[in-house]
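I would like the atomic coordinates for the input below:
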Amino acid sequence: MTPKSGGLAVRLARLSRHRAGRHLFVPLDHSVADGPIVAAGRFNTLVRMAVTGGADAIVVHKGRAATVDPLLLRDCSLIVHLSASTAHAADADAKVLVGDVEEAIQLGADAVSVHVNIGSDTESRQLADLGTVADTARRWGVPLLAMVYPRGPRISDPHNPALLSHVVNVAADLGASLAKTTWAEPLERMADVVESCPIPVLVAGGPSRSDAGLAAYARGAVAAGCSGLAVGRNFFESSSPAAVIRTLSAVVHGTTQSAPAGALGAAEPVPAT
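I've put the predicted structure just below:
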């Protein structure tokens, strides 16, 4: 079955719900790699904070997607992550596919994502997986977010701007709609990375930062031309996650973000793991 030609454009528009061409994604897929990020009964509370704070999309694995309250996804897109590894593996950088585009569509996803570690021992297989997913996503009109990182035994400086330009162009050349990668050092050199790439580039949230430090980092990334941020740990590990996402939304979307129409409820207490 061939999707309508406009499907990709429609779904891409849903990934910029608050400002065209800008993206604030909240990855919540860390439980496969590292273990639970929050008590099971509080996961939807965490999602609610992201949505009401102004996130454009959440990123989760397929099983977790089935547990998200559908009402929360009226005002936030769903990205289903298709690759995984755990911290307990002999090679934690060896990502493997654990889902496919059709499964994601059945779950109501607006997009899918795949993680590739350039420079890892299994780079070739990960590149093949990215190409396979990109082909299927193209046929179904589903956007593909490629999370591409310079990571592995042959990478000496993962924040080198030239290296980051290479990895985001790998994502573009193999068919991704958007690329997410780590930050350049200095941060303003993300401008070189963005300029080199024909698809939107999002920057990851990076290591733990103070709320003020995270806001400054976000402003620097946007000023350098990044289309947005994908912030997970600095959101769900914060003592005030609701405030964090509101601040990031204001930076990324260039406005003070209020709760969407058909409010999902007041901010909940900080989740406890």
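
now do the top helix by length along the chain: distance to the chain's middle.
Longest helix in the chain by number of residues (criterion: DSSP state H): helix 123-140. Chain-centre distance of helix 123-140: 17 Å, with C-alpha atoms, centre = their mean, to the nearest Å.

and stretch 239-251, by the same measure?
16 Å.

the longest helix of the chain - what's its average pLDDT?
Averaged across helix 123-140, pLDDT comes to 98.

what about residue 91, how many neighbours?
Using other C-beta atoms under 10 Å, residue 91 is surrounded by 13 other residues. From N, CA and C alone the C-beta is placed, and that goes for glycine too.

any idea how far residue 147 is from it?
The gap separating residue 91 from residue 147 is 17 Å, by C-beta to C-beta, to the nearest Å.

and residue 228, by the same measure?
Counting by C-beta to C-beta, the separation of residue 228 from residue 147 is 14 Å.

what is the longest helix of the chain packed up against?
In terms of contacts (3 or more C-beta pairs under 8 Å, 6 or more residues apart in numbering; DSSP states H and E), helix 123-140 is packed against strand 96-97, helix 101-106, strand 111-118, strand 144-150.

got the buried residues for that helix?
123, 126, 129-130, 132-134, 136-138, 140 (16 or more other C-beta atoms under 10 Å).

dump the residue contacts of the closest residue to residue 23 other than its chain neighbours.
In space, and not counting its chain neighbours, residue 23 is closest to residue 228: 3.4 Å by C-beta to C-beta, 6 or more residues apart in numbering. Contacts for residue 228 (C-beta atoms under 8 Å, 6 or more residues apart in numbering) come out as 22-25, 56, 200, 202, 222, 252.

between those, which is nearest residue 101?
For those, the residue nearest residue 101 by C-beta to C-beta is residue 25; the value is 18.2 Å.
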